[in-house]
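>>> Fold the following and give me the result.
(2 chains)
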Amino acid sequence: MVCLRNYTVTVVLSLFILYGVFSDAFSQGKPEPEPFWSERLAMVREQIAARGISDPGVLASMTSVRRHLFIDPSDANIAYSDRPIPIGHGQTISQPFIVALMTELLDLDSTDVVFELGTGSGYQAAVLSKLVSKVFTMEIIEPLGKTAADRFNKLGYKNVMVEVGDGYYGLPGQAPFDAIIVTAAASHIPPPLINQLKPGGKMAIPVGNVFFVQNLMLVAKDSMGNVTTENILPVRFVPLTGNQ
Amino acid sequence: MRIFSVTQWHHFSYMIISVALLGFGASGAFISLFRERLLASFTFYYRLFGALLAITFPAAIFLSQLVPFEPFLLVWDANQYIYLFAHYLLLLVPFFSGAMCIGLLFSREHRRIGNLYFVNLIGSATGTLLIVPLMFILPVGQLPIAVSALSIIGVAATYTLGKRKEWAYILIPLFGIWITYSIVSPFELNISEYKGLSRSLELPGARSIYESDSPLGRLSVVESPVIRIAPGLSTAFTGTIPPQKALHFDAASPTAIIEWDGISPAPEYLDYLPEAAPYSVLNKPDVLIIGLGGGRHLLRALKHESNSVTVIERDRRVVNLFDDELARFTGRLTSLETVSIFVTDGRRFIKTDSSKYDLIEISALGSFAAASSGVSALSETYLFTVEAIVDGLRLLKPGGMISLTAWLKHPPRDNLKLLATAAEALEEEGIRYIGRNVFFFRGWGTATILVKQEEFTETEIEKLKEFCEKLFFDVIHYRGINRTEVNRYNRFSEPVYFQAAAEILSNVNRRENFYASYPFDVSPARDGKPYFNHLFKLTAIPHLYRTLGMEWIPFIEWGYIILFATLVQALIASTVLILIPLRFLNHSTVVIRRVRKLKIWIYFSSIGLAYMFVEIVLTQKFTLFLAEPVYSVSVTLAALLFWSGMGSYFSGEIKKRISKAFLIPALAAVVIITEIALLDHVFNAALHLSLGWRIIIAIVIIAPLGFTMGLPFPIGLKALGKSAENYVPWAWAINGCASVIGAVLAMTLSVSFGFSAVLLAAAGMYIVAGLSGLIKGD
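Presented below is the predicted three-dimensional model:
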């Protein structure tokens, strides 16, 4: 059983690595530059796949997006570490596993249109862009939004549209969305975003502080428009029993 | 402490300051090593260190603002340890300099130690009282400059007594210039970019429209068109949230001040928050709200045409904001006829008020960032104890209810502790089937507990269920709940809240078993151990680490971890500071035997630890009794220091009358044990008296404690000075280090075992100090 599982993981990992390399190369019209390639593979293998993320698309996307290009160059050596990284203005780029988990939870399709509230460095949007047709992302802090927009232009992410402004009201002109991701901490789920979520769509929201995500909230809208939320712990927490 | 509470999280500031205070221990070690040389040029060195204190105190604060220390990054970033160390070094210098002045004086004048220690303690008591008005007058960043001016006076005073009096004429005007500069100089604190205030100021169009410092903390208001705060808002709400301003306390996450014109109906979204539940049952109630905050609870009470609304707010500045600066923005809601506002402590109000209410709202919705990281674990609060809920239940009219709301944390903690607190309060009121008096529900982000003296009626349950259904909130518990009703709208993989509530509300045995087996401390807080936010369980660490590995970091209760780190670093530093001088003292003129050194160490460390144990517990206990948010701590401390000063002054006389030296510390032990027995009774009997009377009673209660605790240090130091005066600075070092360790240890023990245990330990230490005198081998 264990051998079969290991074999399956190996095959899936090999496939998504190939997929990731070629999809990125095609999307940017040039071969993958190699800096941090082994670190990136190790990140996907040890931090993401090992923690239970199994969606080949998500794994491929996490392999192909060059995380070190989304942070300050002086921090490049920690780009693939299992940690959040400060990006200025009181914001961080999330731990790689959290990015992968949020992406997987959205259960995306290649034709989907996604809205992201809180662009930050742009890394989450870049990961999403590999899996869907369009990503609209809004950043309220102007310098962050502009830097992210320049970064997407430079790196050739054609299907990511950045807007600088208050994303609380979403983008009514582009709505409804198949999925929404809210990376900016909020005291509540913005009602306009619930309205702009397609029936059957999902919204992922990390809960915690800027450094530690304690749980993820997955908001689902059924075909009738009813909304439910699901609390997902990023770790498998086993409560003590009376004997321990 | 105040400065670092604003710029960082206050328990990290505690960690930094405790190292700085080790400057006292370091000064003792330094004097031990260079005693001859320092005392030979006493006046020069006294002035030098006095001047160093004046210069380095504000300089250290200024430079520390340039060090980019971010406590939460300590987990991943090794550079943060360097920054933390830089903080330590910077702050150690002024404390070391100040302690050098005192240590030099004690070493030279050990024969007059009783008088000197008296003056030292009276000065400390005066400082404790004077800093309070000063904190109202000056912004917190300017305080170090003002305080350093006092050391200029100290230096100038030495010139007025010496030959070169002209220096006094130079230094005293310098003092004036320094004070003026401290008042007019613009010194901005460098607040962490991750704190709520910094993040609010990053928003488009954001500007700070109000800022005020006081002993209670920094209060700031930020306006921006994009501020929208609605904790736990139902996903059923489809409307818009009106303009808000962000109210920040100590630069932490904000609460919302809501715009209202005073005429139109209050905003609709208020009825989509979980806290609105009681209004689905109560009709035009008399409401008591503990904590005005941003006015959300008050506005909702008015929206529901409450018959009367009484609001208790501990910070006068918040009330002034609503009355003055933001009166128009908030529709003058605090001035309405049905609204009564009292600026006082919420707990004392609940305990002493004689009115009856239909609804008492107590919100535990502080900063989510603080709640989720557990940085408030060590803050005492007398509002969320079993006794507080009992007091609240007694204020309810028939059919009335208490509403308690807190953030959901994962795995569940705070809300379960709150439920356990309510459950045990109901039991103390003699209610047998406590589950019938509780309605418990949650949204996606918060949970609310409603508690009554009577059982919830069928009609009430139906209305509350309807409220939950309409707003997509999940019921967790009510009389007769069915498992199929839970975990529907905001789902967990298991109905964890339902299961936990069933255990807590069942019977004592099951509840106790649940407390024991749960990985967090969800047993209720009590007045003797009022740490509602303390949820960390030391015994659960192996389990958490085994099941989660390094993944447990997000679940860390930081307050407790920091406390331990502080204790460890204080122990290491103290060991070094105490052992190093010994090596050199062994080569000095008077060498004493190893047993004698051990006696000195036991005596001075015991009395240092015991003094801090009592000091920390008294300041926390008297917070409830004096119940005056601004002055409680300073009155308690000043009284203790004053009476200790008096003890020191009369120590010579007392020593003459008590021939057996070991009895002197034992006196303090007897007084402490007596006060443990009496204190709570006195508090209960006198809490209703006016503040003036309560202050007088506090001073009287503290007098015997302070007096007897002021005896052992000067008597011990004088005796040591007679036989081995070169060991006096070493004793000073031991006492200084023990004070720092004592303060941290007192907190650790209070959180785990309660105040009485810590006081008992203090009494034990005084007995140990006394017994050390009986060890043979001088």
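
>>> rest of the way, CA atoms for contacts and neighbours
Will do.

>>> correct me, but residue A:172 touches residue A:196?
Yes - Residue A:172 sits in contact with residue A:196 when judged by CA atoms under 8 Å, with a separation of 7.0 Å.

>>> neighbour-wise, which of those two wins?
When neighbours are counted by other CA atoms under 10 Å in any protein chain shown, residue A:172 and residue A:196 differ, and residue A:196 comes out ahead with 22 against 12.

>>> which residue packs closest to that one, ignoring adjacent ones?
Counting by CA to CA, 6 or more residues apart in numbering or on different chains, residue A:176 is the residue found nearest to residue A:196 once chain neighbours are left out, at 4.7 Å.

>>> Is that neighbour in contact with residue A:200, as I believe?
No - proximity of residue A:176 to residue A:200 does not meet the contact threshold set by CA under 8 Å, at 11.1 Å.

>>> picking that back up, so who does the residue nearest to residue A:196 touch?
Contact criterion CA atoms under 8 Å, 6 or more residues apart in numbering or on different chains gives A:195-198 as the residues in contact with residue A:176.

>>> Could you pick out which of those residues are located in helices?
Assignment to helices by DSSP state H places the following of the contacts of residue A:176 there: residue A:195.

>>> out of the contacts of residue A:176, who's nearest chain B?
When these are ranked by distance to chain B (CA to the nearest CA), residue A:195 comes first, at 7.7 Å.

>>> Could I get the contacting residues of the closest one?
By CA under 8 Å, 6+ apart, the contact set of residue A:195 is A:176, B:238.

>>> run the last query once more with 10 Å
Shown here is residue A:195, whose contacts under the criterion CA atoms under 10 Å, 6 or more residues apart in numbering or on different chains are A:169-170, A:172, A:175-177, A:221, A:225, B:238.

>>> and if you look at residue B:249?
Going by CA under 10 Å, 6+ apart, residue B:249 touches B:6, B:196-197, B:211-213, B:216-221, B:255, B:293, B:366-367.

>>> Longest strand in chain B, please.
Longest strand in chain B by number of residues (criterion: DSSP state E): strand B:396-407.

>>> typo on my end, it should be chain A
What stands out as the longest strand in chain A, according to DSSP E, is strand A:197-208.

>>> which element follows that strand toward the C-terminus?
Next along the chain after strand A:197-208, taking DSSP states H and E as the criterion, comes strand A:213-221.

>>> what ranges do the helices span in chain A?
Secondary structure of chain A by DSSP H: the helices cover A:2-28, A:37-42, A:56-64, A:96-105, A:123-129, A:142-155, A:191-195.

>>> returning to what we had before: which strands and helices sit next to the longest strand of chain B?
Contacts of strand B:396-407 with other secondary structure elements, assessed using 3 or more CA pairs under 10 Å, 6 or more residues apart in numbering or on different chains; DSSP states H and E, are made with strand B:286-290, strand B:357-363, helix B:368-373, helix B:386-394, helix B:414-428, strand B:438-442, strand B:446-452.

>>> Sheet partners, orientation included, of it?
Its sheet considered, strand B:396-407 pairs with strand B:357-363 (parallel), strand B:446-452 (antiparallel) by DSSP bridges.
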